[in-house]
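Trainee: Build me a structure from this.
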Amino acid sequence: MRNLIINADDFGISKEVSTAILAAMDLNICTDATLLVNFEDSRYAAELAIQQNRKDNIGIHLNLTEGHPLTAKIKNERRFCNTEGLFHYKKKEHIMILTKSEKSAVYEELTSQIYLCRAFGIPISHADSHNHIHEEPGLMCLMLDLMKKEKIPFLRQTNNLGATSLINRIYRNSYNRILRYHKLAGTDYFGSTTNLINYNKELKANSIIELMIHPGKIVDKQIFDAYSKDNLSLILPGIIRKDRLLTYSQLHRK
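Mentor: Numbering: from 1, shown residues only. Just a heads-up that it's a prediction; the model follows:
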């Protein structure tokens, strides 16, 4: 038996994406979403979630890689922003350590994103990040401190369902153990629908799995993933038992 949390990333990046995500929730093929707050349509997405009584199912999608920053200091940090003041970090190399000025700027920016998310009326049930920036080694301590200070109960684990190199597997397992130690890991496994379908090891009994999806558009009432282009309306019902679906807000209440 497996319990599933199905989280849609990139809520708020555009009206089309936000509409597709909420439609997926209505079809019970999505339980949660994480909101990008620094886009033109972010407020629209938050208001739509509130109108549809979904605010408790929305977390925050922390962002240091795309769009306009909310704060000034990070615009001067060339690792994260270009000369026009836009995020441009593409993870071509890992962040092993932050300079003093980078740490201050990143902390200020991410804190501002959390404050804005709550100002939109979203209480924040959990957190993850755009392009998995929270997994970077040099950001780990900062993220743990931020989650504790802002009382965000869960931070997404690293992918432990997909195949990867030995070095990556060691790092990911270590990262996930640290999250569990700090009681920030709400799930036992995390990965994509493809990762789960292709996973050939035995899952722990009554484990909780977070699946990441990216609903991008609706075509003929079918919901398609923005990245894989998969028809989520066809794929997800085959791996879902509705009586085993959970949300992050339900975990918080346990």
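Trainee: Ile209: what secondary structure?
Mentor: strand (DSSP: H, G, I helix; E, B strand; the rest coil).
Trainee: Can you report how many residues lie near it?
Mentor: By other Cβ atoms under 10 Å, 24 other residues sit near Ile209. All C-beta atoms are positioned from the backbone trio N, CA, C, and that covers glycine.
Trainee: same deal with the one 10 residues further on?
Mentor: By other Cβ under 10 Å, the residues close to Val219 number 11.
Trainee: Report the beta-bridge partners for it.
Mentor: In this entry, Val219 is beta-bridged to Gln222, by DSSP bridges.
Trainee: How about stretch 199-219, which residues are buried there?
Mentor: By 16 or more other Cβ atoms under 10 Å, the buried positions in stretch 199-219 come out as Tyr199, Ile208, Ile209, Glu210, Leu211, Met212, Ile213, His214, Pro215, Gly216, Lys217.
Trainee: so which of these would you say is closest to Ile235?
Mentor: Distance to Ile235, by Cβ to Cβ, is smallest for Ile213 among the buried residues of stretch 199-219, at 9.3 Å.
Trainee: now stretch 241-253, how far from the chain's geometric center?
Mentor: On the basis of Cα atoms, centre = their mean, to the nearest Å, stretch 241-253 sits 16 Å off its chain's mean C-alpha point.
Trainee: And that stretch, what's buried?
Mentor: Across stretch 241-253, burial judged by 16+ other Cβ under 10 Å covers Leu245, Leu246, Thr247, Tyr248, Ser249, Gln250, Leu251.
Trainee: Next, give phi and psi for the spatially most central residue of the chain.
Mentor: Nearest to the mean C-alpha position of the chain, by Cα atoms, centre = their mean, lies Asp128 at 3.3 Å. Torsion angles at Asp128 (phi, psi; degrees, to the nearest 10) stand at phi -150, psi -160.
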